[in-house]
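Chemist: Prediction below, plus the sequence it came from.
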Amino acid sequence: MQRTRKPGISRRSTLVLMGTGAVTFATPWVARAEAKTIKVGMPTILSGRVAQLGTSSRNAVMLEVEKVNAAGGLAGRQIDMVIRDSKGAPQEAARVARELVNTDGCELLIDAEASSGAFAVHEVARDLGVFCIHTNSETSALTADPKQHIPNAFRTARQGVHDSIVGGSYAAEIAKTKGLKKWATCAPDYAYGRDTTGEFTLYLKRFAPDVEIISESWPKLFQPDYTEVVTKILQVKPQALYTCLWGGDLTSYIDQANIYAMFSQMEVFAVNMADYTALTVVKNLPKGIHSGNRYIKTYPATAENAAWGDAYKAKYNEYPTNWSWENATAVMLIAEASKKANSADGKKIAEAMRGLTIKSPFGADGTVTMRAEDQTLIGYAIGWGTTIPQEPYVPDVKPGDWKTILELEAEWKKSKGYA
Amino acid sequence: MDIDALTGCLASSACLVTQTTSGFIIGMLLFLVAVGLTLIFGVLKVVNFSHGAFYMFGAYFAMTAYQLSGSFALAMFCGAGGTALLGLIFERVFMSRVYGADVLMQLLVCYAFVLIFDDVVRMVWGPEFRSMGMPAAFQVMPLLIAGGVVPPYYLLLIGVALVMAVILGLGLARTRLGKVIRAAAHNPGMVSALGINTGLIYGGVFALGGMLAGLAGALAAPVRSLTPGMGFSVLIESFIVTVIGGMGSILGALIGALLIGMIRSFGSLGFPLFTEGLMYLFMVVVLVIRPTGLFGKEVA
């Protein structure tokens, strides 16, 4: 039977009209809801050799932002993350940061850059007066040097000097026990490598004055081949080696040193080893490398930390990195400061954040504090241990003592003219 | 500057063996990449700026084959063979269209493909760095030769590169195919008039160049971290090698690569903060004394 079309308005037309009406009347309401969101800009490294770390920064931020938004956002405003690739280039990081504020309307910045880029973004934050929290740069001077200080910039990344105090005292104890007097160092030739090596050896010698540095190697960042560095170290026959190589550079170095049986000839202290990016990538991980904790879900050995690591893995199908916890902490601190200030305004958040202590899965005692005097994070879990080639990778971590860290850091600041 | 360390090393047989082997390792790997570059330039007159990408693909192909099969030999074959095939396709589809074009145009096309290839690797294998791992057969204690330390894997690497150098040298000098390739490099019009398919020769040479870079990548995969863009730094050093040796000269590539290897190896002892600079300084000195490189020929 053939269907005949009824005169008048068809059902389809009615639906279209109703839909159009609904959209028309709802638009101001939707617009108002959009205005209630707060845009948070995030320049980070999403391409190149460090992309994995930038991606892990983004992942951690998104994991925490979802929780904050589910709990009502920042003073009732939902967070809208605007994340851009800086390609790891300082000038690009500064350009992107400026664009995020001026063009995209971001009211807060999470600066997930490595040290070189972080200093560039810091200058943008100084210029624009926008709230900014540095999450990845570990170069101590970023917040320790009073010349760098601006009231609107904070840091949740661990600080090189903290690592060096804990690492230096840990290494000195082993040096004294095992009689390790001749040391070699190998570090990437840029600010982080130079500063961290200098600070580590400073504290190593302070706690073990007999130690002598007999060889230094400064391969360039992202150097593909370390053969000449490995053989040079073998020539001088040190009893111990310190390295702050990281990421793909560290794994290349380990692979190349492995076939020279270097790890059986000396004690190796690699501050950046205990991070899943390196632990899971190296195929033949040597047993007994000493490392500082970066991110491992077994240290601090708390249910909260393990749960956070597992939640991240469940969502992204890989374990978090050192940059992940540093970025997650930034969001946690912003949320708490916003709650305390009952505002999403950057200035009020900054005011509330100074000296703020929050509960944290990454805290040495379950909390971390944004120290007011230099607006940098303290109280995070920090320790050293030795590797095994399977999970938990670093079964026993000897914790650093924050009382000692703070005392020695104050001394260090004085010696640098920072205090 | 640490001249004491350098002279101390030169006086010690153990140090000499270790550092010379180290120089050979760096040099021979560079040679495999540089010789492909110089071969392509010599025959096709193209400065193949995308050559480092073939090194990268060789490493990734080898890693994937090794992960799937557990066979080191198959990994090497896939690294070299895969890039040869890729080189052939790349030359036939894209590069053949810019022969005779302005050098700037060739460089732009090649650079565009460097970025494209890096993105392809990122899409297929992910942006994070990867590691192939050393095959169990080579996870052994290094050899002690005159007190010097030499890992067996590096002996294999040096051996493979030397064999390739001999095959290339003899192949081009003594075989009929080698003569045809040299003739095509010198006068493609005449070769074509003789009924020889120059397109096939160009494609074959490009594939051979790609294969050599891919083989270098495959041999490097067990000891280097794999990452998108990994071919770039190797390409820069390969350019230095070809410039020092003379563009288009296979012997020049071999000698240039070995010189760079030795400069890096011994320079790290005597000039630890100037090893890179030493390499560039050497290149400048060579170019000032001999602008065509050590074994390069004057272009009429």
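Modeler: Arrived safely.

Chemist: tell me which element A:Ile214 is part of?
Modeler: strand A:212-217 (DSSP states H and E).

Chemist: Next, the buried residues of that strand.
Modeler: By neighbour count on 16 or more other CB atoms under 10 Å in any protein chain shown, the buried set for strand A:212-217 is A:215-217. C-beta coordinates here come from the backbone N, C-alpha and C atoms, glycine included.

Chemist: what's the answer for stretch B:120-138, then?
Modeler: Quick answer for stretch B:120-138 (16+ other CB under 10 Å): B:120-122, B:125, B:127-135, B:138.

Chemist: among those residues, which are within reach of chain A?
Modeler: B:122, B:127-134, B:138 (CB under 8 Å from any CB of the partner chain).

Chemist: any chance of those in TSV, plus secondary structure?
Modeler: What follows is those, written out as TSV (DSSP: H, G, I helix; E, B strand; the rest coil):
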residue	secondary structure
B:Arg122	helix
B:Pro127	coil
B:Glu128	coil
B:Phe129	coil
B:Arg130	strand
B:Ser131	coil
B:Met132	coil
B:Gly133	coil
B:Met134	coil
B:Phe138	helix
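
Chemist: returning to what we had before: now the very next helix or strand once past the strand holding A:Ile214: average pLDDT?
Modeler: Next helix or strand after strand A:212-217 toward the C-terminus (DSSP H and E): helix A:227-236. Here helix A:227-236 scores 89 as its mean pLDDT.

Chemist: and what of stretch A:46-53?
Modeler: Confidence for stretch A:46-53, expressed as mean pLDDT, is 80.

Chemist: With stretch A:392-411 instead?
Modeler: Here the average pLDDT along stretch A:392-411 is 95.

Chemist: thinking again about what came up before, can I get the buried residues of stretch B:120-138 in CSV including distance to A:Ser140 and pLDDT?
Modeler: As requested, the buried residues of stretch B:120-138 are exported to CSV (distance: CB to CB, whole Å; pLDDT from 0 to 100):
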residue, distance to A:Ser140, pLDDT
B:Val120, 40, 95
B:Val121, 36, 94
B:Arg122, 33, 89
B:Trp125, 36, 93
B:Pro127, 29, 79
B:Glu128, 28, 79
B:Phe129, 27, 83
B:Arg130, 32, 86
B:Ser131, 31, 87
B:Met132, 36, 91
B:Gly133, 36, 88
B:Met134, 37, 90
B:Pro135, 42, 91
B:Phe138, 41, 90
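
Chemist: Now flag whichever of the residues you listed is closest to A:Val124.
Modeler: B:Pro127 (25.5 Å; CB to CB).

Chemist: and that closest one, what is it in contact with?
Modeler: A:46-47, A:51-52, A:55, B:228 (CB atoms under 8 Å, 6 or more residues apart in numbering or on different chains).

Chemist: can you tell me the residue of the stretch 301-419 of chain A closest to chain B?
Modeler: Residue nearest to chain B within the stretch 301-419 of chain A: A:Glu318 (8.6 Å; CB to the nearest CB).

Chemist: check which helix or strand covers B:Gly81.
Modeler: helix B:72-93.

Chemist: elements contacting that helix?
Modeler: On a contact count with 3 or more CB pairs under 8 Å, 6 or more residues apart in numbering or on different chains; DSSP states H and E, helix B:72-93 meets helix B:51-69, helix B:198-220.

Chemist: Could you check stretch A:383-393 against chain B for contacts?
Modeler: No. Using CB under 8 Å from any CB, stretch A:383-393 stays clear of chain B, coming no nearer than 11.9 Å.

Chemist: I figured the residue of the stretch 301-419 of chain A closest to chain B hits A:Tyr276, correct?
Modeler: Yes. Using CB atoms under 8 Å, A:Glu318 is in contact with A:Tyr276, at 7.4 Å.

Chemist: With neighbour numbers in mind, choose between these two.
Modeler: A:Tyr276 (22 against 17; other CB atoms under 10 Å in any protein chain shown).

Chemist: what pLDDT does the more buried one get?
Modeler: 89.

Chemist: quick one: contacts for it?
Modeler: A:295-296, A:318-321.

Chemist: Mind doing that once more with 10 Å?
Modeler: A:56, A:294-297, A:309, A:313, A:318-322, A:324, A:391, A:393 (CB atoms under 10 Å, 6 or more residues apart in numbering or on different chains).

Chemist: Return the set of buried residues in stretch A:392-407.
Modeler: A:392-394, A:397, A:399-400, A:402, A:405.

Chemist: Shouldn't A:Gly288 be within a strand?
Modeler: No. Assessed with three-state DSSP, A:Gly288 is coil; it does not lie in a strand.

Chemist: Which residue is the nearest non-sequential neighbour of A:Leu46?
Modeler: A:Asp85 (3.9 Å; CB to CB, 6 or more residues apart in numbering or on different chains).

Chemist: show me what contacts the one you found?
Modeler: A:Asp85 neighbours (CB under 10 Å, 6+ apart): A:43-48, A:51, A:54, A:58, A:92-93, A:96.

Chemist: which of the residues you listed are the two that sit furthest away from each other?
Modeler: Farthest pair in the contacts of A:Asp85 (CB to CB) is A:Arg58 and A:Glu92. Separation: 16.4 Å.

Chemist: who's more crowded, those two?
Modeler: Each of A:Arg58 and A:Glu92 has its neighbours counted (other CB under 10 Å); A:Arg58 has more, 23 against 18.

Chemist: Can you mark which positions in the strand or helix carrying that one are buried?
Modeler: Per DSSP H and E: A:Arg58 is located in helix A:51-70. By neighbour count on 16+ other CB under 10 Å, the buried set for helix A:51-70 is A:51-65, A:68-69.
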